[in-house]
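Novice: Let's see this in three dimensions:
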Amino acid sequence: MTTTQQPSYPPTGPSHGHDHGHGPEGDHGSGSRDDHSSGGDGGHGSGAGGGHGHSHSHGPAAPVSRHLRKVIAAILIPFTVAVVVGMVVLWPGGAPSHKRTGVGFDRQTQQATVTKVVSVSCASVNASGGGSTGDTSTAEGSSAQQEAGGTCKKATVTVSTGKDKGRTFTEIVQPDQSRQLHEGEKVVVAYEPSAPRDLQYSVTDVNRKFPMALLAGIFALAVVVVGRLRGVMALIALAISFMILNFFILPAILHGSNPLIVAVVGSSAIMLIALYMCHGLSARTSVAVLGTLMSLVLIGILGSVFIGWAALTGNTDDNTGLIHGLYPSIDMSGLLLAGVIIGSLGVLDDVTVTQTSAVWELHEANPSMGWRGLYRAGIRIGRDHIASVVNTLVLAYAGAALPLLLLFSIAQSSVGSVANSELVAEEIVRTLVGSIGLVASVPVTTALAALVVSADRPGRETAPAGVAAVATAAVGAGPTAAPGVKPAPARGGKGRRRKH
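Specialist: Now for the predicted structure:
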């Protein structure tokens, strides 16, 4: 039988309910409106006494037990202090200087504009050797017959930055070249001071700063429009992450610090700043931080073991070879491991925050559920997350290595020989180690969240809040209440009918 007990007198004035709380079974109160009514149910919801308390607890309630706060703080405060101390000790103070080699990214570059383009016979310019061809010369493997019989482009390029601003040079573009120059196009030119004057400048790339900046602006706008304040905080955290990467991690590695230690300290700083800025300083966020930290430790251990066991040097292409040549003291295998840790951090944040939020919501929906029930329900959610995240990570690495995979396909190499090559083996170890860490983060974070939220026992100070709301409603109901009528106990802001 379902009964509803109400006060014998209607409220004497309008009820201004602002209840943002949760009902006994985790239902959210209708706190997004102000109820102005003079009837018996003047509050938000149809609870006994028409309570009109002013509870403003937005979102799921985090654990508030003093004991739990102490336990979490006892773990995270020393960890945070250790990260800060590590950054102070390892702080590089800027990247070390070196003499430029003129190779790859180590070239001096300036901005320039293509001011004129005319068509000429390839035979005439190739025979006379007119103009510099630089990095935009004939692609390797093109036949001499194509060069002689085709129509080339003779581009006049004007340097727009640097000490030679206003200086012009000529660039010959072959017909089979992938990048063709156009009049008015903004380009990047390499400068080699030791070369003859006519060959000091050559076009190396296109200036694509404007479209890149426009795309970044669209991304930032989309994040702010959809995420609002939380989106703004996410963008700020992203900017801080790039600052830590550019001003701490990279220069510290170049100064000869252990890449693994630098990556661990830098990644931990990024994790703490990003998670707490985006999700707030709460027990829920702290559990996500702990889950992320434990998963990063696992990734570091597995990566160190298998990179050493597979004898991966980390020196597999021109870029890493140039780094090793300029800074022989850098541990290239350690640099590879640092890349694995940093690359896994972003996806780990997503998994741990999602799992923690899922457990919190499950607890709000059913506060009587124990930690085992919370863990089982949370892990069912996590299984779907595991499948999508692992697939995403594998495809991301495969997409980045697609040209390399095409080369192996052209060579008709067997799967075994392809996987055994160091270039591909690096990507396989990177992918599998990161994926193992991601998979492990789901049960680890879910278990931590379930233990914390189920162990929470709010102190007595939280009980009178609900009683006070009912008592206030009873007082507002009139000078006296009906004899024998007792206010229904309230566990949240929204009253509910009780079955007797």
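
Novice: so what secondary structure elements neighbour the strand or helix carrying Leu451?
Specialist: Element membership for Leu451, per DSSP states H and E: helix 422-455. Judged by 3 or more C-beta pairs under 8 Å, 6 or more residues apart in numbering; DSSP states H and E, the packing partners of helix 422-455 are helix 66-90, helix 283-309, helix 332-365, helix 371-400, helix 402-410, helix 415-420. Using the backbone N, CA and C atoms, a C-beta is placed for each residue, glycine as well.

Novice: Please spell out which residues along that helix are buried.
Specialist: Going by neighbour count (16 or more other C-beta atoms under 10 Å), the buried part of helix 422-455 is 424-454.

Novice: quick one: buried residues of stretch 354-369?
Specialist: Quick answer for stretch 354-369 (16+ other C-beta under 10 Å): 354-360, 362-364, 367, 369.

Novice: re the thing from before, so for Leu221, which of the helices and strands packed on helix 422-455 sits nearest?
Specialist: helix 332-365 (21.2 Å; C-beta to C-beta).

Novice: could you check the angle helix 283-309 makes with that closest one?
Specialist: Here helix 332-365 runs at an angle of 150 degrees relative to helix 283-309 (axes from the mean of the first three to the mean of the last three C-alpha atoms, to 10 degrees).

Novice: that older thread, roughly how far is the helix holding Leu451 from the heart of the chain?
Specialist: Average the C-alpha atoms of helix 422-455, do the same for its chain, and the two points are 16 Å apart (C-alpha atoms, centre = their mean, to the nearest Å).

Novice: and what of stretch 342-359?
Specialist: 9 Å.

Novice: now do stretch 154-164
Specialist: Using C-alpha atoms, centre = their mean, the distance from the centre of stretch 154-164 to the centre of the chain it belongs to is 39 Å.

Novice: contacts for that stretch?
Specialist: Contact with stretch 154-164 is made by 110-120, 125, 130-131, 165-173, 181, 187, 189, 191, 201, 203, as judged by C-beta atoms under 8 Å, 6 or more residues apart in numbering.

Novice: go again using 6 Å as the cut-off
Specialist: Contact with stretch 154-164 is made by 110-118, 120, 165, 167-169, 171-172, 181, as judged by C-beta atoms under 6 Å, 6 or more residues apart in numbering.

Novice: Could you confirm Gly256 falls within a strand?
Specialist: No. Gly256 is assigned coil when assessed by DSSP: H, G, I helix; E, B strand; the rest coil, not a strand.

Novice: and it, what does it touch?
Specialist: When contacts are counted by C-beta under 6 Å, 6+ apart, Gly256 is found next to Ser329.

Novice: how far away is it from Pro92?
Specialist: 9 Å (C-beta to C-beta, to the nearest Å).

Novice: Thr168 too?
Specialist: In terms of C-beta to C-beta, Thr168 sits 40 Å off from Pro92.

Novice: And those two? Which one has more around it.
Specialist: Pro92 (18 against 14; other C-beta atoms under 10 Å).

Novice: Burial check on the closest residue to that one other than its chain neighbours, number of neighbours?
Specialist: If the residues on either side of it in the chain are set aside, Pro92 comes closest to Pro251, at 3.8 Å by C-beta to C-beta, 6 or more residues apart in numbering. Using other C-beta under 10 Å, Pro251 has 18 neighbouring residues.

Novice: hang on, isn't Pro251 packed against Leu90?
Specialist: No. Using C-beta atoms under 6 Å, Pro251 makes no contact with Leu90, being 9.7 Å away.

Novice: For Lys116, which residues are in contact?
Specialist: So Lys116 contacts Thr156 (C-beta under 6 Å, 6+ apart).

Novice: can you tell me which helix or strand Ile323 belongs to?
Specialist: helix 318-326.

Novice: Tell me how far the top strand by length along the chain lies from the chain's centre.
Specialist: Determined from DSSP state E, the single longest strand within the chain is strand 108-121. The chain centre lies 39 Å from the centre of strand 108-121; the measure is C-alpha atoms, centre = their mean.

Novice: Just the C-alphas of it, formatted as CSV.
Specialist: C-alpha atoms of strand 108-121 as CSV (Å, rounded to 0.1, in the frame of the first residue of the first chain):
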residue,chain,number,x,y,z
GLN,A,108,68.6,27.3,-41.6
THR,A,109,65.2,28.3,-43.2
GLN,A,110,63.5,31.5,-44.2
GLN,A,111,60.1,32.5,-45.6
ALA,A,112,59.7,33.4,-49.2
THR,A,113,57.2,34.1,-52.0
VAL,A,114,57.0,32.8,-55.5
THR,A,115,56.8,36.0,-57.5
LYS,A,116,56.9,34.6,-61.1
VAL,A,117,56.5,31.3,-62.9
VAL,A,118,57.2,30.7,-66.6
SER,A,119,57.2,27.5,-68.7
VAL,A,120,60.5,26.5,-70.3
SER,A,121,61.9,23.5,-72.1
